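>>> have a look at this prediction, sequence included:
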Amino acid sequence: MPKIRPPRETWFKIIRPIVWKRDGGVCCNCGVQLLLYECHIDHIISGVKGSNKLQNLRTLCKKCHVLRLDHNHRGMIQAAIKNELIPPNWRNMVWDEDKE
């Protein structure tokens, strides 16, 4: 996530709904239909080089968010395995939009 975070209320009540609606309520990677409360809003460019501008945000399902090739997402892997969202051999499922 970028260095400067918007206030939590702004993120959840304004930014998330705008991005979700713009993306048609579907995961931008796999196309699965998502409800607003279950979607993940992903920073296309993350970390200190990223921003919270709408053009840098996209809707992903939880599984695609966890499996996106981004070192900033590594903390989500263990919980996803434990919760059986992804299998222990998850490495072959990782995706990178630059490679597809």
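Cool, the structure landed. Numbering: from 1, shown residues only.
>>> how about the most centrally placed residue in the chain, nearest residue that isn't a chain neighbour?
Of all residues in the chain, the one closest to the mean position by CA atoms, centre = their mean is residue 42, 3.2 Å from it. Nearest non-adjacent residue to residue 42, counting by CB to CB, 6 or more residues apart in numbering: residue 60, 4.6 Å away. C-beta coordinates here come from the backbone N, C-alpha and C atoms, glycine included.
>>> pretty sure that neighbour sits against residue 23.
No. The pair residue 60 / residue 23 is not scored as a contact, 9.1 Å apart, by CB atoms under 8 Å.
>>> looking at the two, which has the bigger crowd around it?
Remark: of residue 60 and residue 23, residue 60 carries more neighbours, 22 against 17, as counted by other CB atoms under 10 Å.
>>> what's the burial count for residue 86?
Residue 86 is flanked by 20 other residues according to other CB under 10 Å.
>>> ok so, going back, measure the residue nearest to the centre of the chain to residue 33 for me?
In this structure, residue 42 and residue 33 are 17 Å apart, going by CB to CB, to the nearest Å.
>>> also residue 48?
From residue 48 across to residue 33, the span is 33 Å (CB to CB).
>>> show me what contacts residue 12?
Contacts here follow CB atoms under 8 Å, 6 or more residues apart in numbering; on that basis residue 12 touches nothing.
>>> re the thing from before, so what's in contact with residue 60 and residue 23 at the same time?
With CB under 8 Å, 6+ apart, residue 60 and residue 23 have no common neighbours.
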